[in-house]
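Asks: I'd like to go over a predicted model; first the sequence, then the structure.
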Amino acid sequence: MARAKKTKSRVWLIAIAAIVLLGALILAGSKIPGEKEAANPPANEENEQLPAGPEDIEEENGTDSKDGNPEDPTEEEETETPVIYAGQELIIPGGGSEKPAPSRVVKEGILKGEQKQIALTFDAGWLYDRTDDLLDVLRTYGLKCTFFTRALWVESHPELAKKIATDGHVVENHSLTHGHIVNMSEDEIRDELRQSTEIIQSATGRKPVLFRPPYGEYDNRLLQILSEEGYHYTILWTVDSHDWAEELNGRQITTEYLVDRVLSNAGDNGIVLMHIGGYKTVEALPQIIEGLQKEGYKFVTVNEMLPPASPGQDRKHIVQSGETLYSLAKLYNVTVEEIIEANCL
């Protein structure tokens, strides 16, 4: 009996010791050996274990989280930057740039008219003997056109250049020497532009503002130089009449060929390339004019189809495939934010 009481007392002592030990472990915050961590700990414990967030860091640095930078600027920019698409017309702000935007390449008119319109253009290279005949045709139909003249042609025939201008046509720049201008040095290009500008202005009384590159050759370097020299539009063409050739790909360039080529390829705001010294230009011109008139075209100069452009003015850009706001900002030397603001994107 005494042994049973002694055994029972030991059991109670062990139980009390176990309870005390368990309580001590709980109070000390220790985990019970072998117990797994809870899959979903209480919210207050989870928050206590989280590292300091952006708000806490900014408060320590004395910065208000509402005015600070987002936690991930790159992701924020990608989310908020508008998407542009090919064919979209954007306004490129011109103010505040360190240098003017590159000269804009124009293959057709930009400004729309009240009716279909088209511009006949005539390049002057070396030939000149049919200039009066050409002007007579244009005078008969009451047309005003755009002439792109090689400046040394003007220097050799100032009376013809003056007559073109006196008849109401616009005389623009086709370089000084008609060389491969993209192969020239920057100094040579600027010399070509400055000399040709002076010669044309001296002969016609008007400073040229449009440039047609010889052979239609241009690159980004030339476009930037052109803009810096005051030529904000580089004019190409919609229709090449082929009047500069007697034979092309084994085919004779006849009057009928010229008429058919121009009429078949004409379009609203089109620019037709012809030449003062074209082999059959004078003969084909009356039929070309009458054919376009029957199709409802109004004849205008290239200048009439373009908005005014000068350094600091806003300009328009038609987005090409693959272009982004960032590439356009780099091209025109403006910021992405300026383009976004100008277009309310």
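Replies: Here it is on my side, so go on.
Asks: tell me which residues in whichever strand or helix holds G291 are buried?
Replies: Using DSSP states H and E, G291 sits in helix 281-294. The neighbour-count check on helix 281-294 (16 or more other CB atoms under 10 Å) flags T281, V282, E283, A284, L285, Q287, I288, I289, G291, L292 as buried. For the C-beta atoms, the positions are set from N, CA and C on the backbone; glycine is no exception.
Asks: which of those residues lies closest to A119?
Replies: When those are ranked by distance to A119 (CB to CB), L292 comes first, at 10.9 Å.
Asks: how distant is stretch 240-255 from the center of its chain?
Replies: From the chain centre to the centre of stretch 240-255 is a distance of 34 Å (CA atoms, centre = their mean, to the nearest Å).
Asks: returning to that earlier point: now the buried residues of helix 281-294 in CSV, with distance to N303 and pLDDT?
Replies: Shown next, in CSV, are the buried residues of helix 281-294 (distance: CB to CB, whole Å; pLDDT from 0 to 100):
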residue, distance to N303, pLDDT
T281, 22, 98
V282, 24, 98
E283, 27, 98
A284, 24, 98
L285, 21, 98
Q287, 26, 98
I288, 21, 98
I289, 19, 98
G291, 24, 98
L292, 19, 98
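Asks: redo these as TSV? Include distance to K144.
Replies: Shown next, in TSV, are the buried residues of helix 281-294 (distance: CB to CB, whole Å):
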residue	distance to K144
T281	17
V282	18
E283	21
A284	19
L285	14
Q287	20
I288	16
I289	12
G291	19
L292	14
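Asks: my guess is A203 contacts I164. True?
Replies: No. A203 lies out of contact with I164 (CB atoms under 8 Å); the separation is 9.4 Å.
Asks: who's more crowded, the two?
Replies: A count of neighbours by other CB atoms under 10 Å puts I164 above the other of A203 and I164, at 26 against 21.
Asks: am I right that the more buried one is in a helix?
Replies: Yes. Assessed by DSSP: H, G, I helix; E, B strand; the rest coil, I164 belongs to a helix.
Asks: you'd agree it is up against L134?
Replies: No. Contact between I164 and L134 fails when scored by CB under 8 Å: they sit 9.3 Å apart.
Asks: state the distance from L135 to Y141.
Replies: Going from L135 to Y141 by CB to CB, to the nearest Å gives 11 Å.
Asks: tell me which of those two has more neighbours.
Replies: L135 (21 against 12).
Asks: burial count for R206?
Replies: Neighbourhood size, R206 [other CB under 10 Å]: 12.
Asks: tell me the pLDDT of it.
Replies: pLDDT recorded at R206 is 97.
Asks: ramachandran angles for it?
Replies: phi -140, psi 140 (degrees, to the nearest 10).
Asks: isn't it up against V171?
Replies: Yes. In this structure, R206 is within contact of V171 by CB under 8 Å, at 6.9 Å.
Asks: now for these two: what residues contact both?
Replies: In terms of CB atoms under 8 Å, 6 or more residues apart in numbering, R206 and V171 are both contacted by the residues A165, I200.
Asks: any idea how far E323 lies from I339?
Replies: Taking CB to CB, one finds E323 at 11 Å from I339.
Asks: how about M274, secondary structure?
Replies: What three-state DSSP gives for M274 is strand.
Asks: what's across from I91 in the sheet?
Replies: As for beta bridges, I91 partners with K316 under DSSP bridges.
Asks: wait, isn't it in contact with A342?
Replies: Yes. Judged on CB under 8 Å, I91 makes contact with A342 at a distance of 4.6 Å.
Asks: and the angle from the longest strand seen in the chain to helix 281-294?
Replies: For the chain, the strand with the greatest residue count under DSSP state E is strand 117-124. In terms of direction (axes from the mean of the first three to the mean of the last three CA atoms, to 10 degrees), strand 117-124 departs from helix 281-294 by 170 degrees.
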